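only geometry, no sequence info:
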Ligand SMILES: Nc1ncnc2c1ncn2[C@@H]1O[C@H](COP(=O)(O)OP(=O)(O)O)[C@@H](O)[C@H]1O
Ligand SMILES: O=P(O)(O)O[C@H]1O[C@H](CO)[C@@H](O[C@H]2O[C@H](CO)[C@@H](O)[C@H](O)[C@H]2O)[C@H](O)[C@H]1O
């Protein structure tokens, strides 16, 4: 593989100039995971000039930056974020909304620093770099196939945990924002599924790594598809039944689970381990109630749900699963077929935990929560629509997998509760206006049956 010329700057040289700008900008980004905690400093793990900052044209600076914040558990490293910064002497008006700030000191004083992914020239360069496998400084680019040249990029404006670029309506590149050492499941699982012949998941065609972390993945863009969340909201708005779609989605989910079980190791669960699963839910509840005190009055009722599930085994197996399955992670093509995307797992969880084998019922519970979410965000609340969609999803899942997730209702309820607790924390941090949605589920699930 070719080694291309690159400049890897001594981190210390850049940081003093950039830190004041990042201090303002980073905490405001949707994908910034440390919201609500002060930023006390930065350190650079790596700084690579993908286009030189020599002032002859726009520069593209790739950074892996650690953000110091108080309250970090002892022994855990500060969160590391991936940034792609454009640097220009003059910022054209069309790029003004992407401005992060102007450097005030040092050799680059006066230059404009901006979100590089919003600059088609720089986003195009990143794609060209992916087309030619090899290294640039600490970054390692891979491609499984020959990719067409010069596809026009556009950045997606979806509210995301990461950032995505679409190239010529043919490929989508996900740039991971908070990165940890180790294979990202959003690369690992789609590659394994492609190897197992599963066509429900777009197969990665290129990716890049650095600092031992997966940094970005390029996949085919399903251009005529619509995501399940939009489709569900449209159905609700039109008063339409969604059971045929939900049932097909249940079948697709089961197919993905079967392929994952074929491609990657599975393990039988002992009784003691199923007790540990319930104990872990209890611990997560405790931590969540500390973070969001509105949960406190419901804690006894929620603990009872976990206790009822302790020691029940589901189908007795754990395997790799999606880990954060909801309607927004599904795409329905013009042929009516469902695809599943975004195998990263719950972004707030440590990578090791996200990569550990889990009962499949956890994904099923995630999707059941999503039908509830959709029905709750619609006015008036349509409880019957949610109940029918949830049942149809389970029916489809049972048809394709041979195992009905409703056979162990205590376990399903416990996973649904665990997910609702996660959602309370997620919404409190990212979308406080949405907090009533998971809180209504907390109320329902904590009530004695
Ligand atoms: N292969 C694809 N084809 C079409 N749209 C996609 C594809 N992958 C992702 N998307 C769209 O891109 C957006 C973000 O993708 P996602 O993987 O969920 O990112 P994140 O991890 O940041 O939440 C979603 O709106 C999704 O619908
Ligand atoms: O898609 P992401 O990986 O970024 O997942 C996170 O954000 C989701 C919201 O965008 C969040 O999902 C919750 O809201 C959805 C509606 O917007 C709903 O369909 C889901 O059921 C609900 O959990 C997800 O939890 C979070 O990890």
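Cool, got the structure. All of these numbers come straight from a predicted model, not from anything done at the bench. Residues are numbered from 1 along each chain as shown. Ligands and ions are numbered 1, 2, ... in the order given.

Which positions in this structure make contact with ligand 2?
159-161, 229, 324, 326-328, 342, 346-347, 369-370, 373, 423, 426 (CB under 6 Å from any ligand atom). Quick note: C-beta positions are derived from backbone N, CA and C, even for glycine.

May I ask which two of those are separated the most?
Greatest spacing in the residues of the chain next to ligand 2, by CB to CB: 160 and 369 (19.2 Å).

circling back: buried ones only from the residues of the chain next to ligand 2, please, as a ChimeraX command.
Listed next is the ChimeraX selection for buried residues among the residues of the chain next to ligand 2, using 16 or more other CB atoms under 10 Å:
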select :160,161,229,324,326,327,328,342,347,369,370,373,423,426
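
can you pull the buried residues of stretch 409-416?
Buried, per 16+ other CB under 10 Å, within stretch 409-416: 410, 411, 412, 413, 414, 415, 416.

do you know how far residue 326 is from residue 290?
25 Å (CB to CB, to the nearest Å).

whoops, residue 278 was the one
Residue 278 is 19 Å from residue 290, by CB to CB.

got it, and residue 136?
43 Å.

So which of these two has more stuff around it?
residue 136 (22 against 11; other CB atoms under 10 Å).

So which bits of the stretch 51-200 of the chain are right by ligand 1?
Counting by CB under 6 Å from any ligand atom, the stretch 51-200 of the chain sits next to ligand 1 at 156, 158, 160, 161, 162, 164, 172, 174.

make it 5 Å
Contact residues (CB under 5 Å from any ligand atom) of the stretch 51-200 of the chain with ligand 1: 158, 160, 161, 162, 164, 172.

quick one: the last one and residue 221 touch, right?
Yes. Residue 172 lies in contact with residue 221 (CB atoms under 8 Å); the separation is 4.4 Å.

Tell me the residues that contact both of those two, please.
Counting by CB atoms under 8 Å, 6 or more residues apart in numbering, the common neighbours of residue 172 and residue 221 are 166, 202.

OK, contacts around residue 55?
By CB under 8 Å, 6+ apart, the contact list for residue 55 reads 89, 111.

Make 12 the first number, not 1, from now on.
Okay, using 12 as the starting number, the last item reads as residue 66.

quick one, phi/psi of it?
When read as degrees, to the nearest 10, the backbone of residue 66 gives phi 80, psi 0.

Equivalent analysis for residue 191, please.
Torsion angles, degrees, to the nearest 10, at residue 191: phi -130, psi 150.

who's in contact with the residue lying closest to it once chain neighbours are set aside?
Once flanking residues are discounted, residue 191 sits nearest to residue 362: 4.4 Å by CB to CB, 6 or more residues apart in numbering. By CB under 8 Å, 6+ apart, residue 362 lies in contact with 191, 192, 193, 195.

Compare those and tell me which has the most neighbours.
Ranking the contacts of residue 362 using other CB under 10 Å puts residue 195 first, with 25 neighbours.

mind listing the strands for the stretch 162-311 of the chain?
164-166, 174-178, 182-186, 189-190, 217-221, 224-231, 237-238, 278-279 (DSSP state E, counting those that start in this stretch).

And those: which comes nearest residue 84?
Residue 84 lies closest to strand 189-190 among the strands of the stretch 162-311 of the chain, at 15.9 Å (CB to CB).

hang on, residue 319 packs against residue 425?
Yes. Between residue 319 and residue 425 there is a contact under CB under 8 Å: 7.1 Å.

circling back: could I get the buried residues of stretch 420-427 in CSV, plus columns for distance to ligand 1, secondary structure and pLDDT?
Listed next are the buried residues of stretch 420-427 as CSV, based on distance: CB to the nearest ligand atom, whole Å; DSSP: H, G, I helix; E, B strand; the rest coil; pLDDT from 0 to 100:
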residue, distance to ligand 1, secondary structure, pLDDT
421, 31, helix, 93
422, 27, helix, 91
423, 24, helix, 95
424, 27, helix, 97
425, 26, helix, 96
426, 21, helix, 96
427, 21, helix, 98
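
about what we covered before: would you format the contacts of residue 362 as a markdown table with distance to residue 80 and pLDDT included?
Formatted as a markdown table, the contacts of residue 362 follow (distance: CB to CB, whole Å; pLDDT from 0 to 100):
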| residue | distance to residue 80 | pLDDT |
| --- | --- | --- |
| 191 | 16 | 94 |
| 192 | 19 | 94 |
| 193 | 22 | 93 |
| 195 | 22 | 96 |
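
follow-up on the earlier one: and of the buried residues of stretch 420-427, the nearest to residue 392?
So of the buried residues of stretch 420-427, ranked by how close each gets to residue 392 (CB to CB), first place is residue 427, at 17.7 Å.

Give me the nearest residue to the closest one, chain neighbours excluded.
Leaving aside its sequence neighbours, residue 427 sits nearest to residue 376 (CB to CB, 6+ apart; 4.3 Å).

Please, which helix or strand holds the one you found?
helix 372-388 (DSSP states H and E).

and that helix, which residues are buried?
372-387.

same deal with stretch 307-322?
309, 310, 313, 314, 316, 317, 319, 320, 321.

got the contact list for the nearest residue to residue 424 once chain neighbours are set aside?
Take residue 424 and drop its neighbours on the chain: the residue closest to it by CB to CB, 6+ apart is residue 316, 5.7 Å away. For residue 316, the contact set (CB under 8 Å, 6+ apart) comprises 421, 424, 425, 428, 456, 457.
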